[in-house]
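Enquirer: model this:
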Amino acid sequence: PGEQGKVKLEVKRDPGSGMVSVDGAKVEPAKDAQALRKLLDTGLQRRKVATTKMNSASSRSHLVFSVLVQNHVKATATTTSGKMTFVDLAGSERVARSGAVNDDQRLAEARAINKSLSALGDVVAALTSEASFVPYRNHKLTQLMADSLGGNAKCCMIVNVSPLSVDCDETRNSLDYASRVKNVTNDASRSAETRETAKWKAIIEKLKQENAQLKGTKVVTK
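Expert: From the prediction side, this is the model:
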């Protein structure tokens, strides 16, 4: 933020559907698996990686790949929608082992990564304890993942760990983290829109627009 050339994108969540969106982000259509793969490859190319003492291609940023799916049945005029979000998290790291402690840029990246993962841990802790408040807004990462963790979502975490005994501490921490995510339970349900609900949504939207116009018009009475 604040750097020249960077655009600040605002993360929003629809109060009705609970779906997360990003203002200014472009939604690309994909008709088949090949088109989806091409879009994923584009995202992978933009992801930042760097060499550290522990990884020759260490991820220095998270990758969030969301797929919006809609199925329309003409016979019943019903539209079913859903969203699949694939999140490749950059791993937390101990800067002394990765060598980032001697590199200002890598150190700043490690701190940012660890901060975001800590915020995600706070959200998971709130969800598993059924807290009345879930701190999604504490970080952009958790805002983006809000509709993947809470509401009517199903969440699955896959953990990559090292087989080396020297990495035992990191492996245990990663598995503990994943076990907490596993305890997040939601009531998954379908999101369907019929001809009738579409009709009422259009009416409500029209009334909102008329109301906004009336608020901008001054009525003078005698």
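Enquirer: By mean pLDDT, flag the weakest helix or strand of the chain.
Expert: Within the chain, no helix or strand scores below strand 191-193, which has a mean of 56 by mean pLDDT, DSSP states H and E.
Enquirer: Beyond that one, next helix or strand please.
Expert: Scanning forward in sequence from strand 191-193, with DSSP states H and E defining helices and strands, the next element found is helix 195-215.
Enquirer: For that next one, could you pull out the residues that count as buried?
Expert: Of the residues in helix 195-215, none is buried by neighbour count under the rule 16 or more other Cβ atoms under 10 Å. (Glycine included, C-beta is placed from N, CA and C.)
Enquirer: With stretch 67-79 instead?
Expert: Here stretch 67-79 shows 78-79 as buried, counting by 16+ other Cβ under 10 Å.
Enquirer: and that stretch, how far out from the chain's middle?
Expert: Going by Cα atoms, centre = their mean, to the nearest Å, the spacing between the C-alpha centre of stretch 67-79 and its chain's C-alpha centre is 24 Å.
Enquirer: Kindly check the end-to-end length of it for me.
Expert: Chord length of stretch 67-79, first to last residue, is 16 Å (Cα to Cα, to the nearest Å).
Enquirer: Also stretch 55-73?
Expert: End-to-end distance of stretch 55-73: 48 Å, with Cα to Cα as the criterion.
Enquirer: Go ahead and name everything in contact with it.
Expert: Residues outside stretch 55-73 that contact it (Cβ atoms under 8 Å, 6 or more residues apart in numbering) are 27, 30, 36, 39-40, 43-44, 47-52, 78-91, 93, 98, 106, 109, 113, 116, 141, 144-145.
Enquirer: Just the buried ones from the residues you listed?
Expert: Under a neighbour-count criterion of 16+ other Cβ under 10 Å, the subset of the contacts of stretch 55-73 counted as buried comprises 30, 52, 78-79, 83, 85, 87-91, 93, 98, 106, 109, 113, 116, 141, 144-145.
Enquirer: Just the residues you listed: which are in helices?
Expert: Assignment to helices by DSSP state H places the following of these there: 98, 106, 109, 113, 116, 141, 144.
Enquirer: Lowest-confidence one in those?
Expert: By predicted confidence (pLDDT), the lowest-ranked of these is residue 98, with 73.
Enquirer: Isn't that residue up against residue 50?
Expert: No: because the distance of 10.0 Å does not satisfy Cβ atoms under 8 Å, residue 98 is recorded as not touching residue 50.
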